[in-house]
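Engineer: I would like to see how this sequence folds:
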Amino acid sequence: MNCIPRARIASTALFAPVLSYPVAAQQWPARSVRIGNLLMSGVILGRDPATGAMPERIEDQCANMFVRMKAIVEAGGGTTDDIIKMTVWLQDRTQRAPVNVERLKMFPDEHSRPARHALQMNMDGGALAQCDFTAVID
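Structural biologist: I've put the predicted structure just below:
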């Protein structure tokens, strides 16, 4: 069996130039791994990129979550067009509208949107939404 080299793209230094995270928020870039042309993110929360705090409103969390998703795929050498699947977890699954607003902004073409699956999950720390994604980068 051949071992494929893995490229971890999780260091704060890699993300700092993209979003200028403060030192207090260093722990929040999601751990992500690229193996060959496959990029998989860890869990992405909707923390405020300026403060690292979790916003109270789901609309703000979703906006931050999509900004982070874009930063991660770009740090991995791709674009949002390379995202093929995202999974979204919601504290209340009936609150899909804020996710859909940000999803339509990022993926306006209905023929090239990634697959999506939404699940309900109890979350801690004030999180109302979180996601992860898979991208295939050419």
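Engineer: report the central residue of this structure.
Structural biologist: Against the mean C-alpha coordinate of the chain, by Cα atoms, centre = their mean, the closest residue is residue 69 at 3.1 Å.
Engineer: element containing that one, please.
Structural biologist: helix 58-75 (DSSP states H and E).
Engineer: pull the residues that contact that helix.
Structural biologist: 9, 14-15, 18-19, 29-30, 32, 39, 41, 44-49, 54-55, 79-80, 82-83, 86, 91, 95, 98-99, 101-103, 105-106, 127-131, 133, 135, 137 (Cβ atoms under 8 Å, 6 or more residues apart in numbering). No exception for glycine: its C-beta is placed from N, CA and C like everyone else's.
Engineer: pLDDT score for the residue nearest to the centre of the chain?
Structural biologist: Looking at residue 69, its pLDDT reads 95.
Engineer: related to what we said a few turns ago, starting at the chain centroid, how far to the helix holding residue 69?
Structural biologist: Taking Cα atoms, centre = their mean, to the nearest Å, one finds helix 58-75 lying 5 Å from the centre of the chain it belongs to.
Engineer: can you give me the buried ones in that helix?
Structural biologist: Neighbour counts over helix 58-75 (16 or more other Cβ atoms under 10 Å) mark 58-73, 75 as buried.
Engineer: which element follows the lowest-mean-pLDDT helix or strand in the chain toward the C-terminus?
Structural biologist: Using mean pLDDT, DSSP states H and E, helix 12-19 stands out as the lowest-scoring helix or strand of the chain, at a mean of 35. Using DSSP H and E, the helix or strand that follows helix 12-19 in sequence is strand 32-35.
Engineer: chain neighbours aside, what residue packs nearest to residue 120?
Structural biologist: residue 93 (4.0 Å; Cβ to Cβ, 6 or more residues apart in numbering).
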